[in-house]
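J.: Show me the folded form of this:
(chains A and B)
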Amino acid sequence: MITHPTAAELLDAVEAFTPGAAARDAFLARVAENARAIVEREREQGPTAEAAAVQRLTALLGHGGDFEALNAELCEKLALGDLTLSTPGLLDHLRNTAIAQVLIDQPNYSGLTAFAKEV
Amino acid sequence: MGIEAALAALNLGPITALERLSGGASKETWSFRAGDRPLILRRSPGPTVDGVPLPTEAALLQAAGKAGVPVPEVVHVCAPAEGLGEAFVMARVEGETLGRRIVRDDAFANVRTSLAARCGEAMARIHGISIEGLPPLDTTNAAAVLTRYEALYRKTGARRPILEAAFPWLRNRAPALPRPVLVHGDFRNGNLIVHPDTGLAAVLDWELAHLGDPAEDLGWICVNSWRFGGDQPVGGFGAYEDLLAAYADAGGGPVTLDALLYWQAVGSLKWAVMCLMIYGVYASGIDATVERAAIGRRTSEAELDLVALMEARV
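T.: Numbering: from 1, shown residues only, chains lettered A, B, ... in the order given. Predicted coordinates:
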């Protein structure tokens, strides 16, 4: 599940916003519209992205589980140094995780198109 | 005493068009005219919470101006008895600060081609300022920055494997700091004033200035999040080579592209943690605006940039 913020929190924030006439409200209205689009993309792409992540994590950690548990275990092992960027499959998982997340959060991000050519 | 009255008492001329520009929690920026002179007031009603105190900021602007860095001229540093708190008045410099316009608008096409070089020169001059005569500043190296941001990340409670991988990867590559220099600390597109005819007109926002690694400034301006959709690495408008060559020509010490890219990665990591923290302010209920909630979803852009930088160098 995507957190920081979750889709539910994003929608709460959108609903709590009632636009007035000030210039800042025009800006916030665009932010709210953008947040709605994120939630919509997450509804469409989130389940597939999470299933793919669970598959990669299962291979990487050697056992199955739900996404939250596997992701937490990966984070712990990275913090402890039990897994590093040299671990086969790790960088592949991180790359795919980042791409899937940006496709939901910000599909027009310049870094996404530059990803292949810059490195 | 109100701000207008306090300004009038400074004898700069008749005060008109006083207007609050931005509201940080602890620092305010006001624009006004004294006679026909456009000026800016920076003030901190209470003690400075984030960044260097305003008198230090004024001293840094003066030192940078003397060293040939384009900065607003400091017109007056306020004494406590003048009733404005910690405060100073500086010239208002004409030009554009919005990063997106600087990267895209036709009006800036002519000056854009040499803008990375002008930034390299300005950085070399900042880093060449003698640190002996400066007010007290913190000294930080890469290891200290990573320790600080890892602690901030842990406090958010987030579980982000890309950040977990990046902390030890960057820590293992942290460069030593043989000779700390004056580092601007927030030298990026968005904190520059660019004039369509004369190019780089001023370097603003000195509140994160510290003593540290010169490559920190060179890397920060290249972080993808400050490119405003531009396809060039330096602020969206210039090439690495132009920045580095102008930096060396203007007397900057040796900085390799590798050292720059290391600090660019540190910069993306810092931005990722900042996005999580801004979301945290939303989640805590302190400031529950949609803007703060949505910025949490910019963490992933910094993560993508980090993966690209790490992948090229594993």
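J.: Extract the residue ranges of chain A that are flagged as low pLDDT.
T.: Scanning chain A for pLDDT under 70 picks out A:1, A:21, A:23, A:114-119.
J.: if we go to 90?
T.: A:1-4, A:8-9, A:11-31, A:34, A:110-119 (pLDDT under 90).
J.: In it, where's the longest helix?
T.: Counting by DSSP state H, the longest helix found in chain A is helix A:23-61.
J.: near chain B, anything from that helix?
T.: Yes - counting by C-beta under 8 Å from any C-beta of the partner chain, chain B is contacted by helix A:23-61 at A:27-28, A:31-32, A:34-35, A:38. Just so you know, the C-beta spots here come from the backbone N, C-alpha and C atoms, and that holds for glycine as well.
J.: Show me what that helix is packed against.
T.: Using 3 or more C-beta pairs under 8 Å, 6 or more residues apart in numbering or on different chains; DSSP states H and E, the elements in contact with helix A:23-61 are helix A:7-16, helix A:67-80, helix A:90-105, helix B:290-295.
J.: How far away from the center of its chain is that helix?
T.: 6 Å (C-alpha atoms, centre = their mean, to the nearest Å).
J.: May I see the buried residues of that helix?
T.: Neighbour counts over helix A:23-61 (16 or more other C-beta atoms under 10 Å in any protein chain shown) mark A:28, A:31-32, A:34-35, A:38-39, A:41-42, A:46, A:49-50, A:53-54, A:56-57, A:60-61 as buried.
J.: cool, and stretch B:101-115?
T.: Buried residues in stretch B:101-115, counted by 16+ other C-beta under 10 Å: B:102-104, B:108, B:111-112, B:114-115.
J.: model confidence over that stretch, on average?
T.: Stretch B:101-115 comes out with an average pLDDT of 97.
J.: first to last residue in it, what's the distance?
T.: End-to-end span of stretch B:101-115 (C-alpha to C-alpha, to the nearest Å): 14 Å.
J.: between the longest helix of chain A and helix A:90-105, what angle do the directions make?
T.: On the basis of axes from the mean of the first three to the mean of the last three C-alpha atoms, to 10 degrees, helix A:23-61 is oriented at 150 degrees to helix A:90-105.
J.: Please give me every residue in contact with residue 73.
T.: Assuming you mean chain A. Neighbour list for residue A:73: A:61, A:65 [criterion: C-beta atoms under 8 Å, 6 or more residues apart in numbering or on different chains].
J.: Hmm, no, I was thinking of chain B.
T.: Contacts of residue B:73 by C-beta under 8 Å, 6+ apart are B:65, B:90-91.
J.: And residue B:211, its phi and psi?
T.: Phi and psi for residue B:211, reported as degrees, to the nearest 10, are phi -100, psi 130.
J.: for residue B:182, same thing?
T.: Per degrees, to the nearest 10, the backbone of residue B:182 is at phi -70, psi 120.
J.: Chain A versus that one, what's the distance?
T.: For residue B:182, the distance to chain A equals 30 Å [C-beta to the nearest C-beta, to the nearest Å].
J.: Look at that residue and report its pLDDT.
T.: So residue B:182 comes in at 98 (pLDDT).
J.: and it, bridged to which residues?
T.: Beta-bridge pairing for residue B:182 (DSSP bridges): residue B:211.
J.: residues in contact with the residue in the stretch 101-250 of chain B that chain A sits nearest to?
T.: Closest residue of the stretch 101-250 of chain B to chain A, C-beta to the nearest C-beta: residue B:164 (3.8 Å). Counting by C-beta under 8 Å, 6+ apart, residue B:164 touches A:74-75, A:78-79.
J.: Show me which of those residues are buried.
T.: By 16+ other C-beta under 10 Å, the contacts of residue B:164 give A:74-75, A:78-79 as buried.
J.: among these, which are within reach of chain B?
T.: Among the buried ones among the contacts of residue B:164, chain B is touched by A:74-75, A:78-79 when using C-beta under 8 Å from any C-beta.
J.: ok, these vs residue A:13, which is closest?
T.: residue A:75 (25.9 Å; C-beta to C-beta).
J.: Give me the most central residue, the chain.
T.: Since no chain was named, I'll use chain A. residue A:101 (3.2 Å; C-alpha atoms, centre = their mean).
J.: switch to chain B, that's the one I care about
T.: Most central in chain B (C-alpha atoms, centre = their mean) works out to residue B:186, at 1.9 Å.
J.: Was I right to think that one contacts residue B:207?
T.: Yes - using C-beta atoms under 8 Å, residue B:186 is in contact with residue B:207, at 7.4 Å.
J.: Chain A contacts on the stretch 151-300 of chain B?
T.: B:156, B:158-162, B:164-165, B:167-169, B:224, B:227, B:229-231, B:233, B:276, B:279, B:282-283, B:288-294, B:296-300.
J.: what about burial for those residues, which qualify?
T.: The neighbour count (16+ other C-beta under 10 Å) marks B:156, B:158-162, B:164-165, B:167-169, B:224, B:227, B:230, B:233, B:276, B:279, B:282-283, B:288-294, B:296-300 as buried among these.
J.: pLDDT below threshold where in the stretch 51-200 of chain B?
T.: B:51, B:80-81, B:85, B:133, B:178.
J.: which one of the buried ones among the contacts of residue B:164 is nearest chain B?
T.: Looking across the buried ones among the contacts of residue B:164 and measuring by C-beta to the nearest C-beta, the closest to chain B is residue A:78, at 3.8 Å.
J.: circling back to that earlier point, tell me the SS of the residue nearest to the centre of chain B?
T.: The three-state label given to residue B:186 by DSSP: H, G, I helix; E, B strand; the rest coil is coil.
J.: ok, for it, nearest residue in space, not its chain neighbours?
T.: residue B:208 (4.6 Å; C-beta to C-beta, 6 or more residues apart in numbering or on different chains).
J.: Could you confirm the one you found falls within a strand?
T.: No - looking at residue B:208 with three-state DSSP, it is coil, so not inside a strand.
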